[in-house]
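Visitor: I would like to see how this sequence folds:
(2 chains, ligands or ions: 2)
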Protein chains: 2
Amino acid sequence: MESQIIEALTGIVGDKGILTGTDVTQRLEGWIGAPQCSAKAIVRPANTEELSAVMALCHHYDQRVTTHGGMTGLVGGAISSSEDIVVSLERMRTIVEVDAENRTLTAEAGVTLQAIQEAADSADLFYPVDLGARGSATIGGNISTNAGGNRVLRYGMTRESVLGLEAVLADGTVISSLSKVIKNNTGYDLRQLFIGSEGTLGIVTKAVLRLRAKPRGEATALVAVEDFNQLSKLLSLAESALSGSLSSFEVMWNDFYSLVTSFERHRAPLPSSSPFYVILETQGSSNESEQARLEALLGEALEQELISDAVLTQSVSEREKVWAIRDDVEALFSMVPIHGFDISLPIPAMQDYLEKLKHNLLKKWPDGRLVAFGHLGDGNLHVVIGQIPMEDKEALNEVVYRGLAQLGGSISAEHGIGLEKKAYLQHSRSEAELELMRILKQALDPKRLLNPGKIFD
Amino acid sequence: MESQIIEALTGIVGDKGILTGTDVTQRLEGWIGAPQCSAKAIVRPANTEELSAVMALCHHYDQRVTTHGGMTGLVGGAISSSEDIVVSLERMRTIVEVDAENRTLTAEAGVTLQAIQEAADSADLFYPVDLGARGSATIGGNISTNAGGNRVLRYGMTRESVLGLEAVLADGTVISSLSKVIKNNTGYDLRQLFIGSEGTLGIVTKAVLRLRAKPRGEATALVAVEDFNQLSKLLSLAESALSGSLSSFEVMWNDFYSLVTSFERHRAPLPSSSPFYVILETQGSSNESEQARLEALLGEALEQELISDAVLTQSVSEREKVWAIRDDVEALFSMVPIHGFDISLPIPAMQDYLEKLKHNLLKKWPDGRLVAFGHLGDGNLHVVIGQIPMEDKEALNEVVYRGLAQLGGSISAEHGIGLEKKAYLQHSRSEAELELMRILKQALDPKRLLNPGKIFD
Ligand SMILES: Cc1cc2nc3c(=O)[nH]c(=O)nc-3n(C[C@H](O)[C@H](O)[C@H](O)COP(=O)(O)OP(=O)(O)OC[C@H]3O[C@@H](n4cnc5c(N)ncnc54)[C@H](O)[C@@H]3O)c2cc1C
Ligand SMILES: Cc1cc2nc3c(=O)[nH]c(=O)nc-3n(C[C@H](O)[C@H](O)[C@H](O)COP(=O)(O)OP(=O)(O)OC[C@H]3O[C@@H](n4cnc5c(N)ncnc54)[C@H](O)[C@@H]3O)c2cc1C
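Guide: Ligands and ions are numbered 1, 2, ... in the order given. This is a model prediction of the structure:
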């Protein structure tokens, strides 16, 4: 029967559209360093119609299907088994339209995030979602994981940038909701089913994205803060004073800032004696105006004693040096073996949570180290824990996730659940919520063929 | 059996919690002027637990249920029949918490929009959703209709302000997703099922709302534009120049502006000889800074010949006079009988659509009059058509909605479908989309007890 399916699939997508044997196994099942991919075949439809026929066929044969975008996901959401067919969107890479007047961009799901950003830029517009994997990650993958990134504070997650969506259901049905308008209250908002559901409810084939006005200038500052409670006051002040222009509010705890700036490649713009550091960035009308507004804000913050020290960058290279501190992931590898966590929780609960976590950590692993940084405005905390053996990963997960539920926190701010966080989902979701998720899955994919085993069983 | 149900319901909610007889019929089934409400009883639970028990009971008896918020909805979504039980949230009016540090507000669904706005304001914060019916409309109704209003351009629809949600399903199950964080990618986003689904998938009982920084100042201008194509260029320029501070971009077509300013109560700030007028408003750091930024923008727009004339208001009373033109709904009643439409379509298609609509209108009703105005930045057009007999309403609907589908437009930008637009839903939605909506309804409410007959059959 296997050869029968492969033959029928080839009939739909042609020889170019199907990979088997070593063409499958020389692919990876995730980001750089991941193990080999296993699957009966990788099917590469050229368009929505082909994919629809592929899915109808798989449905007929009860064939499981896992979808591949750019394979940059960080929770094992695209891992397949030798029983699966993989559908890859890699041949659906057409930017269908950039509508500059309506400020929308329509693209096939296999287009990379970077190609979307560049196409928007060429039209003198701006696609605000941005993340490190932009060159490989696809818009279909961004949508399926509801990716966040560096500008959520101002522009929201991917969810907020998707105006219209086309998806293929488990049985091959094409749901085309390619609306180009912001306001569309006509029955259930079907887009939402596919955004963030990690390929378990349908395969995203096209999207209409909302573009924004391109910022014409920016300004960046690094400030030191002496007390956790001042952080959210500073955030409120910045949002009031800079109004809608505040684009980043990145907090680094002292342990992070000290560690990173201890490396020769950085020159610490501020001494490492304060408990908190914040990068503030505003994007607006011009470099001059933003510089002036940020300077005024810093003055006000100093006066109100919300900050103890500040550096307002004066050039692109100074700005880059500040960001280089925040982005120096390499420095964290000095604590190997390291374990990264991407959690979120209400701002008032953060500091307490971290202190308790550190306490519990050191009790169990006296050599453990913990550094924290994050998008404070989004409630999103990155916690990197080092010097803990890889085989203790599960015990560590329990320690990190345990305290989150009662604080109203989330075990996954951005990356999703996939396979990796599945065992901990009940820390963020009640049994009633999980049951409703299962009801949705059952309604849309009763044969459980789409990305089986991901998110929940 | 009817008396049996009423008795059992009374057992759950107490005497205070149930209305029958003339207490039911003296209520209206909609906004001011609507006919009397009919229902077996109006049940007014005091909390989520009571509502859960009410729903479990109704589920047991196959009892249909329609939900009442503030009854300001404009599409007949809360109309009940004598076979229904009405659930009213009027006794669930507690603001549970204002968390100033985390910038969230948690409220029961029966709290009015105005009370939410005031509570945010008291904490020196800002809830951005605003609409004319704020004193009566409830947050539960706002959520169930995904209400828009005056500041969607900058802050999005109600959907974008809901961080967490609690709802009761048709069988009484309580789904509590009262997350207070912006980023929460942990499985399916269950909030989305209840936002905008007009009470057909569950009853919203509580919400966690996102609050924003309070703007400290604003500036308003009225400009004249000579060509439709200049409008979206002006919008792009305004969004670039004012960056995230642009809060309104309201377009009035000449027919609207001329009609309204012909009334003595207005003094036209600009002569009524231009085809388009736009109100631009920016909210930001201070009145002075916003005034300066808006003035600079107007200079640039004049130089680029995007606008032909402009008035920058210099005082609150001047600002109010400009807004009074846009908000003068009464003036439109000079064209009675009038018919209002709330549609959306891509900006490039708008002018063509309006011209064709006018042509088709006058062909059929030579006395007909059409005026247009709208939130251009959202693609949202208000079309008011006058001097057409009430009994021609359905024929008129056909003329207005017919052209929308192929232009990618929507028959309901803000108000929803309810009963009134049900017959026209297929103008905005494909059969595959409608079928998927039915699948969702079947999965969540297999007995079809919740708000029966609304949106679709
Ligand atoms: C260096 C780096 C930096 C990152 N930074 C961030 C960040 O700042 N913020 C953030 O949120 N994430 C970040 N990520 C993770 C992020 O989830 C991914 O980069 C991206 O969104 C996934 O896109 P992809 O095309 O690679 O998807 P894949 O990895 O291919 O797939 C991810 C999941 O989506 C499914 N999927 C993919 N395409 C489709 C489709 N068309 N239809 C249905 N399902 C599909 C897959 O089955 C899988 O479950 C980062 C990753 C890396 C490697
Ligand atoms: C003067 C005026 C101005 C308006 N301006 C705007 C505007 O600018 N933008 C805009 O979008 N709308 C506007 N509206 C319409 C808008 O939909 C409503 O004002 C509001 O959102 C509905 O809230 P409500 O509490 O009155 O809901 P209701 O009218 O009571 O109900 C509306 C629908 O939601 C359901 N519902 C109500 N509460 C719940 C609940 N707790 N759980 C589940 N379902 C529920 C009802 O069954 C019904 O289907 C306006 C209305 C008026 C009268």
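
Visitor: isn't A:Thr72 right next to A:Ala137, touching?
Guide: Yes - counting by C-beta atoms under 8 Å, A:Ala137 is a contact partner of A:Thr72 at 4.5 Å. The way it works is simple: take the backbone N, C-alpha and C, and place the C-beta from them, glycine included.

Visitor: measure the residue lying closest to A:Val371 once chain neighbours are set aside to chain B for me?
Guide: Nearest residue to A:Val371, sequence neighbours excluded (C-beta to C-beta, 6 or more residues apart in numbering or on different chains): A:Phe256, at 4.1 Å. Noted for A:Phe256: a distance of 19 Å to chain B, by C-beta to the nearest C-beta, to the nearest Å.

Visitor: tell me which parts of the stretch 51-200 of chain A are close to chain B?
Guide: Within reach of chain B by C-beta under 8 Å from any C-beta of the partner chain, the stretch 51-200 of chain A has these residues: A:99, A:101-104, A:124-125, A:145-146, A:148, A:152, A:154, A:156-157, A:159-160, A:169, A:173-190, A:192-193, A:195-197.

Visitor: those residues in helices, which ones?
Guide: Residues of those located in helices (DSSP state H): A:Val152, A:Arg154, A:Gln192, A:Leu193.

Visitor: out of these, which are buried?
Guide: Among these, those buried by neighbour count (16 or more other C-beta atoms under 10 Å in any protein chain shown) are A:Val152, A:Arg154, A:Gln192, A:Leu193.

Visitor: among the residues you listed, which are within reach of ligand 1?
Guide: Of the entries in those, none also sits close to ligand 1 under the rule C-beta under 6 Å from any ligand atom.

Visitor: could these be laid out in CSV, adding distance to A:Gly17 and pLDDT?
Guide: Shown next, in CSV, are these (distance: C-beta to C-beta, whole Å; pLDDT from 0 to 100):
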residue, distance to A:Gly17, pLDDT
A:Val152, 36, 92
A:Arg154, 40, 93
A:Gln192, 30, 98
A:Leu193, 27, 98
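
Visitor: tell me the one of those residues nearest ligand 2?
Guide: Distances from those to ligand 2 were compared by C-beta to the nearest ligand atom; the smallest belongs to A:Gln192, at 16.8 Å.

Visitor: secondary structure class for whatever residue of the stretch 251-400 of chain A ends up closest to ligand 1?
Guide: At 8.0 Å from ligand 1, A:Asp342 is the closest residue in the stretch 251-400 of chain A, using C-beta to the nearest ligand atom. What DSSP: H, G, I helix; E, B strand; the rest coil gives for A:Asp342 is strand.

Visitor: one step back: quick check: the residue nearest to A:Val371 is in a helix.
Guide: Yes - looking at A:Phe256 with three-state DSSP, it is inside a helix.

Visitor: buried set for stretch A:94-112?
Guide: A:95, A:98-112.

Visitor: and the one helix or strand A:Ile12 maps to, what does it pack onto?
Guide: Per DSSP states H and E: A:Ile12 is located in helix A:2-13. Packed against helix A:2-13 by the contact rule (3 or more C-beta pairs under 8 Å, 6 or more residues apart in numbering or on different chains; DSSP states H and E) you find strand A:18-19, strand A:41-43, helix A:48-60.

Visitor: quick one: average pLDDT of the shortest one?
Guide: Confidence over strand A:18-19 (mean pLDDT, whole number) is 98.

Visitor: how about stretch A:215-225?
Guide: 95.

Visitor: could you check which residue of chain A lies nearest chain B?
Guide: A:Gly244 (2.2 Å; C-beta to the nearest C-beta).

Visitor: skipping adjacent residues, who's closest to that residue in space?
Guide: B:Gly244 (2.2 Å).

Visitor: which residues of the stretch 301-450 of chain A lie near chain B?
Guide: Within the stretch 301-450 of chain A, the positions near chain B by C-beta under 8 Å from any C-beta are A:344-348, A:375, A:377-380, A:408-417, A:421, A:425, A:428-430, A:432-437, A:439-440, A:442-444.

Visitor: which of the residues you listed count as buried?
Guide: The buried subset of those - by 16+ other C-beta under 10 Å - is A:344-348, A:375, A:377-380, A:408-417, A:421, A:425, A:428-429, A:433-434, A:436-437, A:439-440, A:443-444.

Visitor: ok, and which of those residues reach ligand 1?
Guide: On the criterion C-beta under 6 Å from any ligand atom, A:Glu414, A:His415 are the entries of these that sit beside ligand 1.

Visitor: gap between the residue of the stretch 51-200 of chain A found nearest ligand 2 and A:Ala395?
Guide: Nearest to ligand 2 in the stretch 51-200 of chain A, going by C-beta to the nearest ligand atom, is A:Asn185, at a distance of 7.4 Å. Computed as C-beta to C-beta, to the nearest Å, the A:Asn185 to A:Ala395 distance reads 48 Å.

Visitor: and the strands in the stretch 151-300 of chain A?
Guide: Taking DSSP state E, counting those that start in this stretch, the strands of the stretch 151-300 of chain A run over residues A:162-168, A:174-177, A:203-210, A:212-213, A:217-225, A:246-253, A:276-284.

Visitor: helices and strands around the fourth one, which ones?
Guide: Meaning strand A:212-213. strand A:125-126, helix B:228-241.

Visitor: show me what contacts the closest residue to A:Leu209 other than its chain neighbours?
Guide: Closest residue to A:Leu209 apart from its sequence neighbours, by C-beta to C-beta, 6+ apart: A:Leu105 at 4.7 Å. The contact partners of A:Leu105, by C-beta atoms under 8 Å, 6 or more residues apart in numbering or on different chains, come to A:Ile95, A:Glu97, A:Val98, A:Asp99, A:Ile116, A:Ala119, A:Ala120, A:Tyr127, A:Val208, A:Leu209, A:Leu211.

Visitor: need the residues that contact stretch A:449-457.
Guide: Outside stretch A:449-457, the residues touching it (C-beta under 8 Å, 6+ apart) are A:58-59, A:62-67, A:77, A:84, A:170, A:197-203, A:416-419, A:422, A:425, A:434, A:437-438, A:441, B:187-188.

Visitor: just the buried residues of those.
Guide: The buried subset of the contacts of stretch A:449-457 (16+ other C-beta under 10 Å) comprises A:58-59, A:63-67, A:77, A:84, A:170, A:197-203, A:416-419, A:422, A:425, A:434, A:437, A:441, B:187-188.

Visitor: for the helix holding A:Ile12, buried residues please.
Guide: For helix A:2-13, by 16+ other C-beta under 10 Å, it's A:Ile5, A:Ile6, A:Leu9, A:Thr10, A:Ile12, A:Val13.

Visitor: out of those residues, who's near ligand 1?
Guide: Okay, of the buried residues of helix A:2-13, nothing touches ligand 1 (C-beta under 6 Å from any ligand atom).

Visitor: which of the residues you listed sits closest to ligand 1?
Guide: A:Val13 (15.8 Å).

Visitor: contact partners for that closest one?
Guide: A:Val43, A:Arg44, A:Pro45, A:Ala46, A:Glu50, A:Val54.

Visitor: my guess is A:Leu302 meets A:Ala310, correct?
Guide: Yes - between A:Leu302 and A:Ala310 there is a contact at 6.8 Å, judged by C-beta under 8 Å.
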